[in-house]
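Trainee: take this sequence and fold it.
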Amino acid sequence: MKHNQEETIYYGKLEHNGWSFYLAATDNGLCYVGSQNKEIDEIEAWADKKRADSELVHDEGKLNCYKEQLISYLDGERKEFDLAMDLKGTAFQESVWEALQHIPYGETVSYMNIAEKIEKPKAVRAVGAAIGANPVMILVPCHRVIAKDGKLTGFRGGIPMKESLLELERR
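Mentor: Residues are numbered from 1 along each chain as shown. As a prediction, the model looks like this:
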């Protein structure tokens, strides 16, 4: 894949008990978790847009430590992750992603709750956009954010994936 090799992004696929999604990491940490049952072009499009000076390299071995913790989570054995992440966003996005990481396992909050948590109570729509830009689903648990009325809304991985993740955490 083309690119000026300023950064190498290693990618691989996690397939486990009906779950199937791509992962990507740099030498600094996990940088992307793909959507359930999506093809490699999802990760390619993300890299082209968000990490244009990178080269994508297929290397399952580089993703093993991430796969192990994600599989443990998907099996209901892990509630928290202690993996390095390489997140690149605006200061606002990063503040939202940080707030998401403090939502306890098995609980949900509203977009308004996140806006209040980052002390931007009028920025609910911007919070929604920042959540939508979260490149590391599951580890940065955007699936735990729901509408004020309790409905499941907006999830890059699709509502069925969001439902499955919330159900997994309810067990």
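Trainee: for stretch 40-50, what does the pLDDT average out to?
Mentor: Mean pLDDT, stretch 40-50: 95.
Trainee: tell me the buried residues in it?
Mentor: By neighbour count with 16 or more other Cβ atoms under 10 Å, stretch 40-50 contains the buried residues Glu42, Ile43, Trp46, Ala47. Heads up, the C-betas are built off the backbone N, CA and C, glycines and all.
Trainee: secondary structure added to these, as CSV?
Mentor: Shown next, in CSV, are the buried residues of stretch 40-50 (DSSP: H, G, I helix; E, B strand; the rest coil):
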residue, secondary structure
Glu42, helix
Ile43, helix
Trp46, helix
Ala47, helix
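Trainee: tell me the secondary structure at Gly12.
Mentor: strand.
Trainee: follow-up on the earlier one: out of the buried residues of stretch 40-50, who's nearest Leu168?
Mentor: Glu42 (21.5 Å; Cβ to Cβ).
Trainee: so that closest one sits right up against Gln36, yeah?
Mentor: No. The criterion here is Cβ atoms under 8 Å, and Glu42 misses it with Gln36 at 10.5 Å.
Trainee: now the most centrally placed residue in the chain. Nearest residue, chain neighbours left out?
Mentor: When Cα atoms, centre = their mean is applied to the chain, the residue found nearest the centroid is Met137 (1.7 Å). Distance criterion Cβ to Cβ, 6 or more residues apart in numbering; nearest residue to Met137, sequence neighbours excluded, is Val33 at 4.6 Å.
Trainee: verify the contact between that neighbour and Val136 for me.
Mentor: Yes. With contacts counted by Cβ under 8 Å, Val33 reaches Val136, the gap being 5.2 Å.
Trainee: one step back: so who does the residue nearest to Met137 touch?
Mentor: Counting by Cβ atoms under 8 Å, 6 or more residues apart in numbering, Val33 touches Phe21, Tyr22, Leu23, Leu70, Pro135, Val136, Met137, Ile138, Leu139.
Trainee: and Glu119, how far is that from Thr153?
Mentor: Per Cβ to Cβ, to the nearest Å, Glu119 is found 23 Å from Thr153.
Trainee: how about Lys50, what does it touch?
Mentor: Taking Cβ under 8 Å, 6+ apart, one finds Lys88, Pro135 in contact with Lys50.
Trainee: apply 10 Å and report the result again.
Mentor: Lys50 makes contacts with Cys31, Tyr32, Lys88, Gly89, Ala133, Pro135, as judged by Cβ atoms under 10 Å, 6 or more residues apart in numbering.
Trainee: tell me the spacing between it and Cys31.
Mentor: 9 Å.
Trainee: cool, and Leu165?
Mentor: Distance, Leu165 to Cys31, by Cβ to Cβ: 20 Å.
Trainee: having no further points to raise, I will conclude here.
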